[in-house]
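Participant: Structure for this input, please:
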Amino acid sequence: MVYKINNTSLFLESNRKFSLRENYINDPSDDECTIKVSHCGVCSSDILRSGFNKSYHYPLVMGHEFSGIIEKIGKNVKSFNVGDHVTIFPLLPCFDCEFCKINEYVKCKNYSYYGSRTDGAYSTRINVKSWNIVKISNTIDLKDACFVEPMSVAVHTIDKINFTKKDRLKILIIGAGFICNLMIQILHKNYKNIEIICIDRNQSKLDFINKYVTKTFCTANSNEWSLFSKEYKNFFDITIEGSGSPEMYTNSINFTNANGDLIWMSNIDNDLILKQSQVSEILRKELNIIGVWNSFFKKNDKDDWAKTLKLIEEGIKPSDLVSHWTTLSQLPELLNKVYDHKDRKVLFKFNKIAIDLFNS
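Facilitator: Next up is the predicted model:
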């Protein structure tokens, strides 16, 4: 049965082309709930998908970082009630592959995904599988709850750090994007015997986290970059690459000390080509290269989502890092500014963009 409600979605029709239109939404299936979306973050992958020809298909409703309120429940759903405040794990696993069977759903070989492979939450309402829904306390602001997905990636990355490696760890974070900023906030609050340095090409992003780190360096400033490159070669015990730049992937090798850990967690934006000398450096320094992909969900004591919600309840506020709250209708204009910024056409200072659907 199809029922008509006042539903509006922002469709990506083709690269850099959007349309805002009313559409229909089905009743939730037996194992789904209808979510009235309250807030939705704009991920860097959404920017690549919509503006740099990275979409799997068109048309597409993007949006995978979201929170909301349950509005309607499928007949087989027993663990939720209308009115529950929720956030959503966006990956739809197959449940049959070898990784699903050990609860490592993010490594699923045949997954789908809200907001990329299937329609997401740039919409006032969305039907979501009950398995993917996480009920949250009403004491957690829905503005913060929409960022549980990216924050759980930050938590998952921090869990890769060996804090027993030295008495005082020297940590380099390459990139001051949203997830890296969240990592820095968490590290600053919960781990005192560390030194954190962050580098990024955007001074405006570094300004968001200056108070949480030992030092920052702007790589677009030739003097700062030259100083950093000379003073911090072979310096860090832990280097986290979060910029996605192939150049910074290679630089992460240079900055990491012998026996150090390279944690690569960003979606790289082009091919990585290593010179023979760089591979030799990895070998000589016996570096550990650790990959990070997404986060653990419903994995008992390793549930990054449960850890993230606890951190939010303890005072971490991801919404404080949002530079631009917007509406569905205004989002395309903001995204065009981001595209032009990334193409080096026009400077646009932003840290994180998010949509307030209740006011769209």
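Participant: D304 versus E149, what's the distance?
Facilitator: Taken as Cβ to Cβ, to the nearest Å, the spacing of E149 relative to D304 amounts to 10 Å. Bear in mind the C-beta positions are built from the backbone N, C-alpha and C, glycine included.
Participant: can you check S79 too?
Facilitator: 20 Å.
Participant: between those two, which one's more packed in?
Facilitator: D304 (24 against 11; other Cβ atoms under 10 Å).
Participant: residue contacts, the more buried one?
Facilitator: Counting by Cβ atoms under 8 Å, 6 or more residues apart in numbering, D304 makes contact with S152, V153, V155, H156, D159, S295, F296, F297.
Participant: Next, format those as CSV and append pLDDT.
Facilitator: Listed next are the contacts of D304 as CSV, based on pLDDT from 0 to 100:
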residue, pLDDT
S152, 98
V153, 98
V155, 98
H156, 97
D159, 96
S295, 96
F296, 96
F297, 96
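Participant: ok, back up a step: so what sits against both of E149 and D304?
Facilitator: S295.
Participant: for D237, phi and psi?
Facilitator: Main-chain dihedrals, D237, degrees, to the nearest 10: phi -80, psi -30.
Participant: So it sits against G260, correct?
Facilitator: Yes: if you go by Cβ atoms under 8 Å, D237 and G260 touch, sitting 5.2 Å apart.
Participant: the more surrounded of the two?
Facilitator: G260 (25 against 22).
Participant: And for the residue nearest to D30 when sequence neighbours are not counted, the neighbour number?
Facilitator: Of all residues not flanking D30 in the chain, N76 sits nearest, at 4.2 Å (Cβ to Cβ, 6 or more residues apart in numbering). When counting by other Cβ under 10 Å, one arrives at 10 neighbours for N76.
Participant: now K302
Facilitator: When neighbours are counted by other Cβ under 10 Å, K302 comes out with 15.
Participant: tell me the contacts of the closest residue to it other than its chain neighbours?
Facilitator: Nearest residue to K302, sequence neighbours excluded (Cβ to Cβ, 6+ apart): F296, at 4.8 Å. For F296, the contacting residues are N103, E104, V106, H156, K302, D303, D304, W305, by Cβ under 8 Å, 6+ apart.
Participant: Distance check, F296 against Y232.
Facilitator: 32 Å.
Participant: cool, and R168?
Facilitator: 16 Å.
Participant: if you count what's nearby, which of the two comes out ahead?
Facilitator: Y232 (20 against 9).
Participant: Could you double-check that that one sits in contact with I197?
Facilitator: Yes: if you go by Cβ under 8 Å, Y232 and I197 touch, sitting 7.2 Å apart.
Participant: Could you name every residue contacting both of the two?
Facilitator: Joint contacts of Y232 and I197 (Cβ under 8 Å, 6+ apart) are L172.
Participant: Can you pull the phi and psi angles for the residue nearest the centre of the chain?
Facilitator: The structure's the chain has its C-alpha centroid closest to P150; by Cα atoms, centre = their mean the separation is 3.3 Å. Phi and psi for P150, reported as degrees, to the nearest 10, are phi -70, psi -30.
Participant: which ones are touching it?
Facilitator: Here P150 is in contact with G41, C43, E65, F178, I179, L182, P318 (Cβ under 8 Å, 6+ apart).
Participant: which non-adjacent residue is nearest the third one?
Facilitator: Yep, that's E65 we're talking about. G41 (3.5 Å).
Participant: what about that neighbour, how many neighbours?
Facilitator: Around G41 there are 26 residues (other Cβ under 10 Å).
Participant: how distant is the strand or helix carrying M151 from the center of its chain?
Facilitator: Assigned by DSSP states H and E, M151 belongs to helix 148-158. Relative to its chain's centre, helix 148-158 lies at 7 Å (Cα atoms, centre = their mean, to the nearest Å).
Participant: Helix or strand next in line after that helix, which one?
Facilitator: Past helix 148-158, the next helix or strand by DSSP H and E is strand 169-174.
Participant: what's the angle between that next one and helix 148-158?
Facilitator: 140 degrees (axes from the mean of the first three to the mean of the last three Cα atoms, to 10 degrees).
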